[in-house]
Structure formats: C-alpha cells, structure tokens
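Enquirer: Just to be clear, the model below is a prediction. Sequence and coordinates:
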Amino acid sequence: MLLTPLILLAWATGLPGQNSGKPGVATVAVKGPVAVKRGGAITVPVTVTVARGYHVTSATPGDRYLKPLRLTWEKGALTSEAPPRYPKAVLRSYPFSEGKLSVLDGTFTIEQDFRAPATASQGFGAITGKVHYQACTDTECLPPATVPVRLSYDIR
C-alpha cells in the first residue's frame, strides 16, 4: 500500500513541539579533544550509529517529503568553510515510497573540516553542533530528530 503524499508529509515534518523522534534510534560520537595549531586545519570524524532495524535518510533522501541527514555547527573558535562530507548511501525500496530512497544504516562517519584561525586563543575549548536525521523502519518513518554533538579541542 502506498501512502499518500499528505500522510508522508505528516511523518516527515512531525507534530508541533516534537523534535526527538524515538530515543536511542541514533547515537553520535566525536572523539576529543582534538589538537590543532593556530592557523592549522583538522578533519574531524563524527560517528553515527543507527539502531538495528532502522535506517536514516541520507543527505539526499530521494523523496521530497523525507528530511535529509544534516550536520550543523554553532559558531566558535574553530571555523568551517566547507560543508560536511557525508558517506555514500545505498538505494533501497520501501512499501511507503514509490521510488528508491537513499539511506544509511549501521555505523557510518560524517567528516567535517575545521580551521583554527591564526589569531585564535590557545587552550582548551569546545564547539557544539547537531545531527539532524529522520529514522525509518521498513514500514514507517518516525518524526525528524536531533542529536547534540560536542567537539572538545586544544588549540596550540
């Protein structure tokens, strides 16, 4: 049975005030603190683990009603001029979609390049971000969810 676009849109956008999806569907880890010299650059891997039985839509989901995977960062001492690099997704068919969707499951890594400005203060600090995702099973999609990310750094 194919869902109408209106029902799929309701799943994709969630209900007002909902932001967490189902707790524990995706976890995010960043190893730190990372060391970077003033004026230097570093690539930081952000590891996402999706619970068994679920997948998340990729950065390019293939269905306009599904929310794409996104990694965003707040402004801080480390800067990033390039967008994150998302892993290659797989195309799969599901009963709730007419076409194949671009998805990720299991454990995967998103990479983000950061630069420490030459004028940055030396020492420890942190920058925060968020991983925005939409998780689905083989038969239904959950409301979009957000997981906080914290990257500790040491500017030398």
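Expert: Perfect, thanks for sending it. Numbering: from 1, shown residues only.
Enquirer: the strands in the chain, which residues?
Expert: 26-29, 34-36, 41-50, 55-57, 70-73, 90-92, 101-104, 107-115, 123-133, 135-136, 145-155 (DSSP state E).
Enquirer: what helices or strands is the first one leaning on?
Expert: Going back to what we said before, that points to strand 26-29. Helices and strands touching strand 26-29, by 3 or more C-beta pairs under 8 Å, 6 or more residues apart in numbering; DSSP states H and E, are strand 41-50, strand 123-133, strand 145-155. The way it works is simple: take the backbone N, C-alpha and C, and place the C-beta from them, glycine included.
Enquirer: ok, and which of the strands of the chain has the densest surroundings?
Expert: Burial of the strands of the chain is given as mean neighbour count (mean count of other C-beta atoms under 10 Å); strand 55-57 ranks first at a mean of 25.
Enquirer: Mind listing residues that contact that strand?
Expert: 26, 48, 50, 63, 66-69, 92, 101-105, 133-136 (C-beta atoms under 8 Å, 6 or more residues apart in numbering).
Enquirer: now swap in stretch 40-47 and tell me
Expert: 28-31, 34-36, 71, 84, 107-116, 131, 149, 151.
Enquirer: again with stretch 67-83
Expert: 12-13, 36, 46, 56-61, 84, 86, 104, 110, 112-117, 120-121, 125-134, 144, 149, 151, 153, 155.
Enquirer: if we go to 7 Å?
Expert: 12, 46, 56-61, 84, 86, 104, 110, 112-117, 120-121, 125, 127-134, 144, 153, 155 (C-beta atoms under 7 Å, 6 or more residues apart in numbering).
Enquirer: Please tell me the pLDDT value assigned to the closest residue to P117 other than its chain neighbours.
Expert: Distances taken as C-beta to C-beta, 6 or more residues apart in numbering place T79 nearest to P117, at 6.6 Å, with adjacent residues excluded. The score at T79 is 94. That number is its pLDDT.
Enquirer: what about T79, distance to A116?
Expert: 8 Å (C-beta to C-beta, to the nearest Å).
Enquirer: Repeat that for H132.
Expert: Counting by C-beta to C-beta, the gap from H132 to A116 is 26 Å.
Enquirer: That concludes my questions; thank you for your assistance.
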